[in-house]
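[1] Got a sequence here, can you build the structure:
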Amino acid sequence: MKTDVIMGIIGYGARISALTDMILEYGLGARIGAIADIDIPRVKENLKKKNINDGDIAFYADAAEMLEKERLDGVLIGTRCSLHVRMAAMVLRRNIPLFLEKPVATTMEDLKMLKSAYEQSKSLVVVSFPLRVTPLAKLAKEIVDSGKIGTVEHVQAVNNVPYGGVYYHNWYRDENETGGLFLQKATHDFDYINCLLGLKPVSICAMKSKRIFKGDKPPGLFCRDCDERETCPEGPFAMKNVRYDSANGDMCCFASDTGNEDSGSAIIRYETGMHASYSQNFFARKAAASRGARLLGYKGTLEFDWYKDELKVYMHSTPRTETYKIDSSSMSHGGGDNALAYNFIRIMQGKEKESVAPMEAGLLSALMCLKAKLSAETDTFQDIVWDIEL
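    Okay, the predicted model is just below:
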């Protein structure tokens, strides 16, 4: 087993750089050996800000060249979404551990390609699904598996996103990149629901709408160039403490070229005949934020919300409510990112033979999202069956 491991990074963006920071902070012998990115000066500047010495890091403009020349113990992929499959396929051919950002694919064609590449590879893959390994979700799983609330026979899940403007102000607004917001957001939620239930989803229907983030402002308009920037409810003055992105550098979300739906819902049927409902919204703000679910069994109901860091169990046959508080305020993604980072280190070192967020989960969730999108666009129920597509 290895102790010191060398990581390669393809696409050193905000998400992967933060994940890499966690890996390095563990101090377990992992280091960055090489980075492939289209903007090396920006990468070096970011490393400098983090006080990471780039003297021992090899830089490449081409990921294929990096993989050909470097001896790496694992690779993290953090490119824009449409490139995930192309980059992952190159890593999978080399049979080395892979950390892959979500969504694992943005089109059905790419998803088929990724599934085939994975099935021919010996790589252990960790998909960026932090919600399933948060302390809150693990507690929910523990209670569900105990039988305390009985068999789960209905799920009501919700995700009201308080920072939704990010999906309309910058590159996320390009649906050719994102694949739509089921793939951007629901991919996490479908995964944790699947994980909690331990059941196979068999069909899905969905609907989406765009009622807020649309308008007749000129295409390509930036907030900084708009004469309404001081009064706009999505402008830099109103939103500076709400969004994570920089409003001064953003594009107008009320322009004619703004993509993505701003709300969506899906109903999922599972193999037992039970169903789950899920709804997501991107114009909720502040205290309206909510992300979590109610799982109903005959004996009781379990509910949790990551924004409240709280889980409750309501017993049906006795006047008893149990409340559990989780403190994840100092943790990224409710503590899930730490679990993913540690798992990937152990896999690279050969000390762990199982991913806490395996590729199978990523493939299934992406399939569900693509089917949900197709359902919403065609007003049809869609079967979640690989054989139909292959």
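[2] For the residue nearest to residue 266 when sequence neighbours are not counted, which three-state class applies?
    Spatial nearest neighbour of residue 266, chain neighbours left out: residue 206 (4.0 Å); criterion: Cβ to Cβ, 6 or more residues apart in numbering. For the C-beta atoms, the positions are set from N, CA and C on the backbone; glycine is no exception. Three-state call for residue 206 (DSSP: H, G, I helix; E, B strand; the rest coil): strand.
[3] Do a quick rundown of the helices in the stretch 51-200 of the chain.
    Counting by DSSP state H, counting those that start in this stretch, the stretch 51-200 of the chain has helices at residues 63-69, 84-92, 108-119, 135-146, 166-169, 175-178, 181, 187-197.
[4] most packed of those helices?
    helix 181 (a mean of 27; mean count of other Cβ atoms under 10 Å).
[5] Summarise which helices and strands it is packed against.
    Packed against helix 181 by the contact rule (3 or more Cβ pairs under 8 Å, 6 or more residues apart in numbering; DSSP states H and E) you find no helix or strand.
[6] Residues contacting it, please?
    The contact list for helix 181, computed with Cβ atoms under 8 Å, 6 or more residues apart in numbering, reads 167, 208, 260-261, 264, 280, 282.
[7] now that helix, how far from the centre of its chain.
    The chain centroid and the centroid of helix 181 are separated by 11 Å, computed with Cα atoms, centre = their mean, to the nearest Å.
[8] Read off the pLDDT value for residue 234.
    For residue 234, the pLDDT comes out at 86.
[9] tell me the phi and psi of residue 229?
    As for residue 229, its main-chain torsions (degrees, to the nearest 10) stand at phi -60, psi -30.
[10] Was I right to think it contacts residue 238?
    No - judged on Cβ atoms under 8 Å, residue 229 makes no contact with residue 238 at a distance of 9.5 Å.
[11] re the thing from before, pLDDT and distance to residue 113 added to the contacts of helix 181, as JSON lines?
    As requested, those are exported to JSON lines (pLDDT from 0 to 100; distance: Cβ to Cβ, whole Å):
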{"residue": "167", "pLDDT": "92", "distance to residue 113": "26"}
{"residue": "208", "pLDDT": "98", "distance to residue 113": "26"}
{"residue": "260", "pLDDT": "95", "distance to residue 113": "24"}
{"residue": "261", "pLDDT": "96", "distance to residue 113": "26"}
{"residue": "264", "pLDDT": "98", "distance to residue 113": "26"}
{"residue": "280", "pLDDT": "98", "distance to residue 113": "27"}
{"residue": "282", "pLDDT": "96", "distance to residue 113": "29"}
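[12] what sits against the closest residue to residue 191 other than its chain neighbours?
    The shortest distance from residue 191 to any non-neighbouring residue, by Cβ to Cβ, 6+ apart, is to residue 365 (4.4 Å). Residue 365 is in contact with 102-104, 129, 187-188, 190-191, 194, counting by Cβ under 8 Å, 6+ apart.
[13] Make sure I have this right: residue 369 is in a strand.
    No - using three-state DSSP, the secondary structure at residue 369 is helix, not a strand.
[14] so can I have JSON lines of the helices of the stretch 51-200 of the chain showing distance to residue 216?
    Converted to JSON lines, those look like this (distance: least, Cβ to Cβ, whole Å):
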{"stretch": "helix 63-69", "distance to residue 216": "40"}
{"stretch": "helix 84-92", "distance to residue 216": "34"}
{"stretch": "helix 108-119", "distance to residue 216": "33"}
{"stretch": "helix 135-146", "distance to residue 216": "42"}
{"stretch": "helix 166-169", "distance to residue 216": "15"}
{"stretch": "helix 175-178", "distance to residue 216": "19"}
{"stretch": "helix 181", "distance to residue 216": "22"}
{"stretch": "helix 187-197", "distance to residue 216": "32"}
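[15] Show me the shaky parts of the chain.
    239-249, 387-390 (pLDDT under 70).
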